[in-house]
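[1] No sequence on hand, only this structure:
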């Protein structure tokens, strides 16, 4: 129904869409340049613009395994996927930005994807990519944990944009040129400027949190499952500066360079201590042998002449 407010000849008129633009673009309707024909045949333009916007659909932020099951407890190094789910029939597209991993207390945090949607730590979490034939996004990663907290939770800003969101061109250190669905295009200034919207423009933002999951130590046995396409991409990527990814078949451990240097220093110090102890024991043993030989050679024995005298006196 078209309602005209404040129009003086509202008692006797009919609408005539002689020059009407009814644009249904992604559930956003614009009706402009509508003419009103009164009973006397006089055409008067209606200056009002009628606009309607479809509500944004719900989305979910999940942490799943290779079989698309939500995880609550995993082993360190397990292949996982961060998934942003959107209904495929939606008229909107989505992208993710400002991805932060945090512990249960919230005091330990690390930025994984920046405000432009580009991965900051690709050795931990890779770029968001659109699932084939779907509007949902997914980023592969291997289970990691903080030094003093086994719980991990993700927080991300998800933005709705018209139709599809074009990916960002990301220059990832020590990696190939990567595309990520996170580039922010021109944002509309007010809720009334729907006529200025273009495909790819941002409609609204929402901050979401994934369910918390626990990460324990590495498994003693190897995983026999074959890696999927996402897992193959995860293993084939290079690593960013500041982190080293230790791979053991399908298992992994992500440690910082500082931790690696500390471990190396401790191992070096232990080796020096062991060498010093061995050298001390060797010198002590050598000195003891020398003293023993010296004492044996200086022991008092009767001389030949004394023995002769004893024999003579005896005879």
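    Noted; the coordinates are in hand. Just so you know, these numbers come straight off a predicted model, no measurement behind them.

[2] Helix, strand or coil: sort out residue 269 for me.
    helix (DSSP: H, G, I helix; E, B strand; the rest coil).

[3] oh, I was asking about residue 207
    With three-state DSSP as the criterion, residue 207 reads strand.

[4] do you know how far it is from residue 263?
    Separation of residue 207 from residue 263 (Cβ to Cβ, to the nearest Å) stands at 37 Å. For the C-beta atoms, the positions are set from N, CA and C on the backbone; glycine is no exception.

[5] what are the phi and psi values for residue 261?
    Here is the backbone geometry of residue 261 (degrees, to the nearest 10): phi -60, psi -40.

[6] Identify the bridge partners of residue 73.
    residue 214 (DSSP bridges).

[7] switch to numbering from 259
    Let's use 259 as the start, then, which means that last one is residue 331.

[8] pretty sure it is in contact with residue 469, am I right?
    No. Assessed by Cβ atoms under 8 Å, residue 331 is found out of contact with residue 469, at 11.5 Å.

[9] So residue 347 lies in a strand, does it not?
    No. Applying three-state DSSP, one finds residue 347 to be coil, outside a strand.

[10] That one: how many residues sit nearby?
    7 (other Cβ atoms under 10 Å).

[11] Return the helix or strand in the protein with minimum mean pLDDT.
    Ranked by mean pLDDT, DSSP states H and E, the helix or strand of the chain with the weakest confidence is strand 279-283, at a mean of 35.

[12] Excluding chain neighbours, what is closest to residue 428?
    Once flanking residues are discounted, residue 428 sits nearest to residue 376: 3.6 Å by Cβ to Cβ, 6 or more residues apart in numbering.

[13] roughly how far apart are the one you found and residue 342?
    Residue 376 is 16 Å from residue 342, by Cβ to Cβ.

[14] and residue 388, what pLDDT?
    For residue 388, the pLDDT comes out at 88.

[15] could you show me where the helices are in the stretch 409-558 of the chain, in order?
    487-494, 515-555 (DSSP state H, counting those that start in this stretch).

[16] Would you mind confirming that residue 462 is in contact with residue 415?
    No. Assessed by Cβ under 8 Å, residue 462 is found out of contact with residue 415, at 10.8 Å.

[17] For these two, indicate the residue with more neighbours.
    Ranked by neighbour count (other Cβ under 10 Å), residue 462 and residue 415 place residue 415 first, with 18 against 13.

[18] Check what pLDDT the more buried one gets.
    Residue 415 is given a pLDDT of 92.

[19] ok, it - contacts?
    354, 355, 356, 463, 464, 465, 466 (Cβ atoms under 8 Å, 6 or more residues apart in numbering).

[20] Residue 409 is in contact with residue 474, correct?
    No. Assessed by Cβ under 8 Å, residue 474 is found out of contact with residue 409, at 11.0 Å.

[21] which stretches of the stretch 359-508 of the chain aren't confidently modelled?
    Scanning the stretch 359-508 of the chain for pLDDT under 70 picks out 430-458, 476-508.

[22] what about the nearest residue to residue 414 once chain neighbours are set aside, neighbour count?
    Leaving aside its chain neighbours, residue 414 sits nearest to residue 357 (4.6 Å; criterion: Cβ to Cβ, 6+ apart). Counted with other Cβ under 10 Å, the neighbours of residue 357 add up to 27.

[23] What of residue 552?
    Count around residue 552 with other Cβ under 10 Å applied: 9.

[24] Ok, residue 409 next?
    Neighbour tally, residue 409, other Cβ under 10 Å: 15.

[25] that older thread, pull up the pairing partners for the one helix or strand the residue nearest to residue 414 maps to, direction included.
    Using DSSP states H and E, residue 357 sits in strand 350-360. Strand pairing for strand 350-360, determined by DSSP bridges: strand 367-371 (antiparallel), strand 409-420 (antiparallel).

[26] Output the ones you listed in TSV, with distance to residue 403 appended to each entry.
    Compiled in TSV, the strands paired with strand 350-360 are given as follows (distance: least, Cβ to Cβ, whole Å):
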stretch	distance to residue 403
strand 367-371	11
strand 409-420	6
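
[27] Just name the most buried of those.
    strand 409-420 (a mean of 20; mean count of other Cβ atoms under 10 Å).

[28] Residue 318 and residue 352 touch, don't they?
    No. Using Cβ under 8 Å, residue 318 makes no contact with residue 352, being 11.1 Å away.

[29] Show me which of these two is the more surrounded one.
    Comparing residue 318 with residue 352 by other Cβ under 10 Å, the one with more neighbours is residue 352, at 25 against 13.

[30] Identify the bridge partners of that one.
    Beta-bridge partners of residue 352, as defined by DSSP bridges: residue 418.

[31] Equivalent analysis for residue 337, please.
    residue 400.
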